[in-house]
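[1] Okay, predicted coordinates and the sequence, questions at the end:
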Amino acid sequence: MDKILRVIKHEFVGLVKQKGYIIISLLFPLLSFAAIGGYQIFQNITTGEEEDEIPKIGYVDQIGGFVDTSQIVEIELVQYDSPEDATLALTAEDIDEFFVIPPDYITTGQIDRFTLKRELEMSGTVRYEISNFLLYNLLKDQLEDDLLERANDPAWFNSIRLEKTGEVSTEQGGVVSVFLVPYIFMMLFWIAVLSAAFTLIEGLGDEKENRVMEILLSSVSAKQLMLGKIIGLGAAGFLQIVFWFVTAFIVAGMASSTIGGMFASLEIPGRLIGFGLCYFVLGYLLFAVVFSCIGAIVPTYRDGQQLSFFFIMPAAIPLILISFMVENTDHALTTFLTLFPVTAPMSSIIRLAVGEIPVWQIVLNMVLLIASIIALFLTGTKIFRTYLLMYGKRPAFRDILRSLRQA
């Protein structure tokens, strides 16, 4: 046990002192702070520009009656007697653009708009304000004030999600809680797990290439070395995940009024954090056992990267299918991905972020994960012990199977 603890300490301290580990750990909070700061600066600049430069729009009323501008807030409307007068004002840059309400507007709905700018489409704010101006003046003598206000702003939508039982779901939220939370959790999980697992392959490759492995195996057994490396690097990855979680809450609290309002209405369920850490541990152990076997088999780190690709791609399926899984949490494919050990950690995080997972699925996928980890570890120690001192040549798959039968 003492030897395993020494290996754990060596691997943990060695990883957390690496520049790459420190940079990756700090990258998420630094980018988050930079994004918030940049957004606030942009918002302040935009707000200042909007306050200083309200678009000045001219118009020519060839019907008569379009005079009430009391509903206009975001633009300034200036009436002209003729298109010629408006054109002179436009070319003199007294106005930004102008539009003409032709005599047949009521039947055709066509408005002629004139501008000096090259543009792909009309400004959304200008379009909205002019439409309100036209609608208000068309209906103000036909409707009472409350009906006129409702006609001007027909509806705002409050989306409420129901369970299949017909009751209101306890999990409410828009695009932020439905897509952003599981995506961020998955990305943090993916980065932390893979960085620790690839460090395991890299360390084994370097020790084999530098002939350090013979010295290590003279002091500890292959099983002790494998277990110590997995736990030590896993602890470093776990520390990274916890640091990111703490940083995420700090970042949300420091967000600007707009971003802060978005995050303030966002509640990250406690079970998501608890299960997220649990699935990180199980997911890492699964990856680490496989990657330690890869590290023992391949002669160089580059070969290890190529071989690990075949294991990483299936694990990335939940990232690719996140939209499908969010919208179809009870689909057979979603259930399969939740139970399949390689995709279970990230699939479970997606489903926990957007709703409940049946208890039997959580229990079953954890049992399958633990059973897979144990089975792979028992098999992996044989591969680890057999090929750890092999140099220069990667064994064929049939050779690995033969070694397992003989072990």
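    That came in fine, so what should we check first?

[2] Could you pull up the residues touching the spatially most central residue of the chain?
    The centroid of the chain falls nearest to Y183 when counting by CA atoms, centre = their mean (3.4 Å). Y183 makes contact with I322, according to CB atoms under 8 Å, 6 or more residues apart in numbering. Heads up, the C-betas are built off the backbone N, CA and C, glycines and all.

[3] Identify the residue nearest I230 in space, chain neighbours excluded?
    Of all residues not flanking I230 in the chain, A288 sits nearest, at 4.5 Å (CB to CB, 6 or more residues apart in numbering).

[4] Would you list the phi and psi of that neighbour?
    Per-residue torsions, A288: phi -60, psi -40 (degrees, to the nearest 10).

[5] what's around it, how many residues?
    By other CB atoms under 10 Å, the residues close to A288 number 28.

[6] next one: A92
    Number of residues near A92 (other CB under 10 Å) recorded here: 8.

[7] Give me the local confidence score for it.
    If you check A92, the pLDDT there is 93.

[8] tell me the phi and psi of it?
    Backbone torsions for A92, taken as degrees, to the nearest 10, come to phi -80, psi 0.

[9] show me what contacts the residue with the largest distance to the centre of the chain?
    Relative to the centre of the chain, the most outlying C-alpha is that of D81, 54.3 Å out, by CA atoms, centre = their mean. By CB under 8 Å, 6+ apart, the residues touching D81 are V60.

[10] Then the one 5 residues further on?
    By CB under 8 Å, 6+ apart, A86 lies in contact with 58-60, 80, 95, 98, 100, 114.

[11] and Y59, helix, strand or coil?
    Secondary structure, DSSP: H, G, I helix; E, B strand; the rest coil: Y59 is strand.

[12] So what pairs up with it in the strands?
    Counting by DSSP bridges, Y59 forms beta bridges with Q79, F99.

[13] Tell me the pLDDT of it.
    Per-residue pLDDT puts Y59 at 94.

[14] What is the neighbour count of it?
    When neighbours are counted by other CB under 10 Å, Y59 registers 22.

[15] My guess is it contacts I75. True?
    No - Y59 is beyond contact range of I75, at 10.5 Å (criterion: CB atoms under 8 Å).

[16] Farthest-apart pair in the contacts of A86, please.
    Greatest spacing in the contacts of A86, by CB to CB: I95 and V100 (13.1 Å).

[17] shaky segments in the stretch 201-350 of the chain?
    208-211, 213-214, 249, 251-270, 299-301 (pLDDT under 70).

[18] so where do the strands sit in it?
    Assigned by DSSP state E, counting those that start in this stretch, the strands in the stretch 201-350 of the chain number zero.
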